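[1] the amino acid sequence is not available; the structure is as follows:
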DNA sequence: TCAGTGACTTGACAGCGTTAAGTGAAGTAC
DNA sequence: GTACTTCACTTAACGCTGTCAAGTCACTGA
């Protein structure tokens, strides 16, 4: 090894070590967020979990919000991947059904994350993040749904009065989100006694399809 | 006035003064909660607003949670009243439609309160409160909706497969709640660009009715 | 060899919800 | 009239939070 190679190697090692620490912070934060919730986990707890002082975190992330946001962005990508994994099913209506199920499965399996992604007001934080990623966080999943709705419209599968793809896609999303979010906040309410969320998602999905399709089979 | 009367009068005055202070705390807290949100409002800010020290509040409420919960219960009563005010419309389906609109109007006009009532996890706090009030907080509004759904079923207005009143009432509720809560968390997301919530509520309401009614007109 | 870089620590700050102990005015009893 | 009690409220503090200025120290480059 000549001196230039050594320098490069050592630079690379330092960068790798920094990246490892950064990842350790993210992993620790993720685990604590999932177990205790985002609000309840402290910077001190995250630091202690990986054997650093709390201030060390601030060398890798601007503040707690930036740390949270990074994990949140990863979750959006994961949701997008979960949506995408159902593949290109020919019938757009069937595709929407499958998306609803995949969405609900993701939400129920990642409750803490879902809470933070869709049940917390982030103000304009997402807009700011979007500039960096070059597209909005929900884009993948939302665009996927929107595409299916548009395709269904092109095939005249919906009643003619539903001619605005965004409006219809947002309605479908709202319905599923309503079931999920109500479940998260009211599952312990003994008076309301909410029904099983998986079945509830299926139910509202059936109802919304029957309410919008031209020929519900 | 004899001595007994004087004693009673002074006791009454002291109780009234205490009640006034208590109410002042509630009023100040309400205003701050609405403006800044529940989380961002501090006990110190509430106290400062009415010219007391923070600790004074603890003579009237066990802790911040108890103070919040009291306001929350008042909001549930207000929502119940808003529902009840639409009156006993003959057709249960039309009644459900009106309820949806009244519910959405309440939510959009009382955003902070709605957030806390239906978008925050209260664990078993409501159950504990319910023991005191002898009925669960949502009871009024939920029972009102449930009654309309049951009536619609008795009149065979819904498809026969929808034979469980709770399941259907919860589905309707979920749909409206989904539109509202998504609006609150994502109204500023420029990529999603959510449609007007009033129209969105009307849209999902129409869709859900068409998807459940035997003879949608 | 020596200055410089940068990951990390030390020690602190302001603000939070909450509480033990104290104050002082009003009511009660003799 | 004086002593005792009650109680709404204050004072001063505790432990907790997110965050930051300053310091440490191993490693790098000339």
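    Yep, it's here. Note that this is a predicted model, so its numbers are computed, not measured.
[2] quick check: domain ranges of chain A?
    A:1-61, A:64-212 (automatic domain parsing).
[3] does the longest one come close to DNA strand C?
    I take that to be domain A:64-212. No: using CB under 7 Å from any atom of the strand, domain A:64-212 never reaches DNA strand C; the gap is at least 13.2 Å. Just so you know, the C-beta spots here come from the backbone N, C-alpha and C atoms, and that holds for glycine as well.
[4] end-to-end on that domain?
    43 Å (CA to CA, to the nearest Å).
[5] give me the number of residues near the residue lying closest to residue A:212 once chain neighbours are set aside?
    Of all residues beyond its chain neighbours, the one nearest residue A:212 is residue A:158 (5.2 Å), with distances taken as CB to CB, 6 or more residues apart in numbering or on different chains. Look at residue A:158: counted by other CB atoms under 10 Å in any protein chain shown, it has 19 neighbours.
[6] for residue B:153, see how far away residue A:158 is.
    28 Å (CB to CB, to the nearest Å).
[7] name the residues of stretch A:152-159 that are buried.
    Across stretch A:152-159, burial judged by 16 or more other CB atoms under 10 Å in any protein chain shown covers A:152-153, A:157-158.
[8] and what of stretch A:104-114?
    Under 16+ other CB under 10 Å, the buried positions of stretch A:104-114 are A:104, A:106-107, A:110, A:112-114.
[9] just those residues: which are in helices?
    Those of the buried residues of stretch A:104-114 mapping onto helices are A:104, A:106-107, A:112-114, per DSSP state H.
[10] give me the pLDDT value at residue A:5.
    We have a pLDDT of 56 for residue A:5.
[11] nope, residue A:10 is what I was after
    At residue A:10, pLDDT is 61.
[12] same check, this time on the one 4 residues further on
    Here, the pLDDT recorded for residue A:14 equals 75.
[13] which element is it on?
    In this structure, residue A:14 sits in helix A:3-36 according to DSSP states H and E.
[14] ok, and what's touching the next helix or strand after that helix?
    Next in sequence after helix A:3-36, counting helices and strands by DSSP H and E, comes helix A:43-50. Helix A:43-50 has contacts (CB atoms under 8 Å, 6 or more residues apart in numbering or on different chains) with A:21, A:24-25, A:28-29, A:31-32, A:36, A:53-57, A:64, A:67.
[15] and if we set it to 10 Å?
    Defining contact as CB atoms under 10 Å, 6 or more residues apart in numbering or on different chains, one finds that helix A:43-50 is touched by A:21, A:23-33, A:36, A:41-42, A:52-58, A:61, A:63-64, A:67.
[16] by how many degrees do that helix and helix A:3-36 diverge?
    120 degrees (axes from the mean of the first three to the mean of the last three CA atoms, to 10 degrees).
[17] now do helix A:43-50, average pLDDT.
    98.
[18] buried sites along the very next helix or strand once past it?
    Using DSSP H and E, the next helix or strand after helix A:43-50 towards the C-terminus is helix A:64-84. Using 16+ other CB under 10 Å as the test for burial, helix A:64-84 gives A:64, A:67-73, A:75-76, A:79-80, A:82-83.
[19] out of those residues, which touch DNA strand D?
    residue A:64.
[20] and of the buried residues of helix A:64-84, the nearest to DNA strand D?
    residue A:64 (3.4 Å; CB to the nearest atom of the strand).
[21] you'd agree that closest one is up against residue A:58?
    Yes: with contact defined as CB atoms under 10 Å, residue A:64 reaches residue A:58; the gap is 9.4 Å.
[22] wait, isn't residue A:160 in contact with residue A:213?
    No: assessed by CB under 10 Å, residue A:160 is found out of contact with residue A:213, at 11.8 Å.
[23] those two: who's more crowded?
    More crowded of residue A:160 and residue A:213, by other CB under 10 Å: residue A:213, with 17 against 8.
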